[in-house]
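A.B. asks: could you work out the structure for the sequence below:
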Amino acid sequence: MKQTMAELFSENDQYAYIMLAWASRAETPDEVAGRGWATVCALEDSVPRDDPRYQDLAWVAPPWDRTAEDNPELYELPAPRTLEELQREVRDRAKVRPDGMLAEGLPIGADLTCARSNGTSIASYEGNVGSSKAYLENTVTIRFEPTFPTGDKDDLAALFRRIVSIWQPDWALLDTLRTSREVQESLETYADYLIWLSEAELGPAPVLKAAKTERFGDGTLITVNDWSIDGVRTLHQELVSAGIPAASVKHPLNPQKVPQFS
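C.D. replies: Below you'll find the predicted structure:
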C-alpha cells in the first residue's frame, strides 16, 4: 500500500504542507478556477482508487458568504464537483474589473474528506490569489494530514512538481509542522525538504553539498539529501554560511514574470 504522510515523515510531524507565493499577477475568475480544479485533480490522483482506506472521498468547502459564523453546522458544504461548477462559483464571488480581470485577491480552497476517517480532512488547499495590487504576495498552501497517501519521496516530489506547474509561483517549499518548529531559525533561509525557486525572481540557485539542484521549468528544484529534520538543519547551516537568505517576493506589487513549465 502507498505510504501515508505519517509513514514518510512521522506522526510527530502532525502534517506536511506545500506553500507557494508569487507577486502581482492579474487573472480572470476562470483562470483561478482552472488552477483550483487542477489542484483538486492532482490531490485526487494521489489517492489509489482501489485502496480500502480511501473510500467515499468528498470535497467540502466553507460558505464564502460567512454564514458559518452564525451557523456552525454550515461550516462545511459540498464543494463544486466539476470545473464548470467551480468556475460558476468563483465568478459569483469575484469582483471583476472592466477588462475581465479580478479587481482584488480571491480566497479559494477546499478540504478532501474520507468516510473511513469519519469525514475528517485528509488533505486541503487554500489561498488568496488573482491579485494584481496586494501589498502581500498571492499565496496557496496545500496541506497533507497524517493519513494522506503521499507515497515515498519520489511520489511526493512528483506531486510537488505538478503543484508548482499548476500555480506558477515565484517560490514554493515542502515542509512539516514539526520541522518548521524545530528548525525555527530556518526561516532565515529557504532550507526545506523540497524547494522550487523562480530564476526570474530569485536568480540561479547555488551549488549545494546538502541538497541536489536541478532545472525545472524557468527555475531550480532543490531536494535535500538527508530527508530528515537533521538534513534540513544541515542545509540551513550551509545556506547561512553562504549568506543566502530566505525566499521572498521582494516587490509584491510588481507584475510577476510568470515562469513556464514544458
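
A.B. asks: pLDDT below threshold where in the stretch 1-150 of the chain?
C.D. replies: Counting by pLDDT under 70, the stretch 1-150 of the chain contains low-confidence ranges at 64-76, 116-118, 134.

A.B. asks: just give the number of residues close to residue 14.
C.D. replies: Using other Cβ atoms under 10 Å, residue 14 is surrounded by 15 other residues. From N, CA and C alone the C-beta is placed, and that goes for glycine too.

A.B. asks: quick one: contacts for it?
C.D. replies: 146, 176, 177, 178 (Cβ atoms under 8 Å, 6 or more residues apart in numbering).

A.B. asks: apart from its neighbours in sequence, what residue is nearest the second one?
C.D. replies: The shortest distance from residue 176 to any non-neighbouring residue, by Cβ to Cβ, 6 or more residues apart in numbering, is to residue 13 (3.9 Å).

A.B. asks: returning to what we had before: restricted to helices, list the contacts of residue 14.
C.D. replies: 177, 178 (DSSP state H).

A.B. asks: top of the contacts of residue 14 by neighbour count?
C.D. replies: In the contacts of residue 14, the most neighbours by other Cβ under 10 Å go to residue 176, 23 neighbours.

A.B. asks: pretty sure that one sits against residue 17.
C.D. replies: Yes: Residue 176 lies in contact with residue 17 (Cβ atoms under 8 Å); the separation is 7.4 Å.

A.B. asks: ok, back up a step: and the residue nearest to residue 176, how far from residue 220?
C.D. replies: 25 Å (Cβ to Cβ, to the nearest Å).

A.B. asks: and stretch 16-35, how far out from the chain's middle?
C.D. replies: 10 Å (Cα atoms, centre = their mean, to the nearest Å).

A.B. asks: ignore the last one, stretch 47-61
C.D. replies: On Cα atoms, centre = their mean, the centre of stretch 47-61 falls 20 Å from that of its chain.

A.B. asks: mind listing what's buried along it?
C.D. replies: Residues of stretch 47-61 classed as buried: 47, 54, 57, 59, 60, 61 (neighbour count, 16 or more other Cβ atoms under 10 Å).

A.B. asks: among those, which are in helices?
C.D. replies: Residues of these located in helices (DSSP H): none.

A.B. asks: ranges for the strands of the protein?
C.D. replies: Here the chain has its strands, by DSSP state E, at 16-22, 57-61, 77-78, 106-114, 121-129, 138-144, 171-176, 194-198, 211-215, 219-224.

A.B. asks: distance to residue 92 added to those, as JSON lines?
C.D. replies: JSON lines is the format used below for the strands of the chain (distance: least, Cβ to Cβ, whole Å):
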{"stretch": "strand 16-22", "distance to residue 92": "25"}
{"stretch": "strand 57-61", "distance to residue 92": "13"}
{"stretch": "strand 77-78", "distance to residue 92": "14"}
{"stretch": "strand 106-114", "distance to residue 92": "11"}
{"stretch": "strand 121-129", "distance to residue 92": "16"}
{"stretch": "strand 138-144", "distance to residue 92": "21"}
{"stretch": "strand 171-176", "distance to residue 92": "29"}
{"stretch": "strand 194-198", "distance to residue 92": "32"}
{"stretch": "strand 211-215", "distance to residue 92": "40"}
{"stretch": "strand 219-224", "distance to residue 92": "34"}
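
A.B. asks: so where's the stretch 151-262 of the chain uncertain?
C.D. replies: Using pLDDT under 70, the stretch 151-262 of the chain drops low at 184-187.
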